[in-house]
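Generate a structure from the sequence data that follows.
(one chain, ligands or ions: 2)
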Amino acid sequence: MNLLDRPRRLRATPVLREMCAETQVRADHLITPHFVVPGKGIREEIPSMPGIHHVSVDKLIPEIEADLELGLSSHLLFGVPEHKDEHGDSALDDHGAVQESLRAMKKRFGNDIIAITDVCLCAYTSHGHCGFLEDGVVVNDPSVEQLARMALSHAEAGADMVSPSDMMDGRVGAIREQLDEHGFVNTSILAYSAKYASAYYGPFRDACDSAPQGDRKSYQMDPRNGREAILEVLLDLQEGADMVMVKPALAYLDIVRRVREEVLCPVVCYNVSGEFSMVKAAAKAGLVDEAAIVRENLLAMRRAGSDLIITYHGRDALEQGWIDR
Ligand code: PBG
Ligand code: ZN
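Ligands and ions are numbered 1, 2, ... in the order given. Predicted structure coming up:
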């Protein structure tokens, strides 16, 4: 054949392929979630999320130390409280699991780590909604005030970054204002901007015992909508978000790409619990090669335009050498 272009030339050897690789995933692209609980000596595997644990503060510190050795320095905390009530008031407890964890992490690791906290009420409310429930309706403005108080409580305990995941309108601006008023001008906001009402959060809701009465469709986004993601992202940036997020990741890579082309700040995607547990289950059943699948999924998220990926696969991926440090 008389071919001028032979793209296979550049695929011929591993070194050539390495030379021509457009996309990389490294440890510093990853953010590692932790589920922290009150108490001592607790490290219990979450049944729906193999290899992921509920940990008390004393067990969290060695876990983060091991992560740091693997190159994982960004950590996202979710609190699982003992007590839930209508307004999720235990989210404001200065001695809550998240607040205590923040103090212990910052004391031990200082600026070697980035401590990020999930700011949302659903794990703390008795009805499991991300805001206040009044006559069966999740009301916006009173919820925002509570979320701003929660963010402040995290900042006071040492959070480098707060990450509102509730999808109430105006919460980024309210949090920014609250933080600034109290002198936390350098505490960043990573906004869950385009967060969809997704079935992929199932295992997480088991982990946080946060399945809502009804559903979250009156505040999380409709999977049919793409343009609306841009609207949400632009609003969050106007309100002072430092980074924006698309969530979930794999079924929403078109949204990641569109957001990437729209903004200048870092774009984050959340490789959520359902995506994680599906891979784990398929690997366990011998249906797929876990190493190759995880690598391919993470690369796809990066290729779509994510600067950073929140993922439960980080520790395995680095320990087993599925991705480079
Ligand atoms: C809380 C929150 C959720 C997740 C992150 N923050 C669950 C939800 O909105 O129901 C999902 C994370 C995951 O599935 O891994 N608002
Ligand atoms: Zn929530």
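
For residue 74, list each beta-bridge partner.
On the basis of DSSP bridges, residue 74 takes part in beta bridges with residue 31, residue 114.

tell me the pLDDT at it?
The model reports residue 74 with a pLDDT of 98.

now residue 210
What the model reports for residue 210 is a pLDDT of 89.

didn't it look like it was pressed against residue 128?
Yes: look at residue 210 against residue 128 with Cβ atoms under 8 Å: they come within range, at 5.1 Å. For the C-beta atoms, the positions are set from N, CA and C on the backbone; glycine is no exception.

Find residues that contact each of those two.
Jointly contacting residue 210 and residue 128 under the rule Cβ atoms under 8 Å, 6 or more residues apart in numbering are residue 122.

Please point out which parts of the helix or strand harbouring residue 175 sit buried.
Here residue 175, judged by DSSP states H and E, is contained in helix 171-181. Buried positions in helix 171-181, judged by neighbour count with 16 or more other Cβ atoms under 10 Å: 171, 172, 173, 174, 175, 176, 178, 179.

Can you spell out which helices and strands pack onto it?
If you count contacts as 3 or more Cβ pairs under 8 Å, 6 or more residues apart in numbering; DSSP states H and E, helix 171-181 packs onto helix 141-157, strand 161-164, strand 188-195, helix 227-238.

And the residue of the stretch 201-325 of the chain closest to ligand 2?
Distance from ligand 2 to each residue of the stretch 201-325 of the chain (Cβ to the ion) is smallest for residue 210, at 6.6 Å.

and that residue, how many neighbours does it have?
Close neighbours of residue 210, defined as other Cβ atoms under 10 Å, add up to 21.

now it, what's its secondary structure?
The three-state label given to residue 210 by DSSP: H, G, I helix; E, B strand; the rest coil is coil.

ok, now which ones touch it?
Residue 210 neighbours (Cβ under 8 Å, 6+ apart): 122, 123, 128, 204.

With residue 163 instead?
Residues in contact with residue 163, defined by Cβ under 8 Å, 6+ apart, are 76, 116, 117, 118, 119, 189, 190, 191, 192, 245.

Intersect the contacts of residue 210 with the contacts of ligand 1.
Contacts with ligand 1 within these, counted by Cβ under 6 Å from any ligand atom: 122, 204.

Show me the contacts of residue 210 that map onto helices.
Judged by DSSP state H, helices contain the following of the contacts of residue 210: residue 204.
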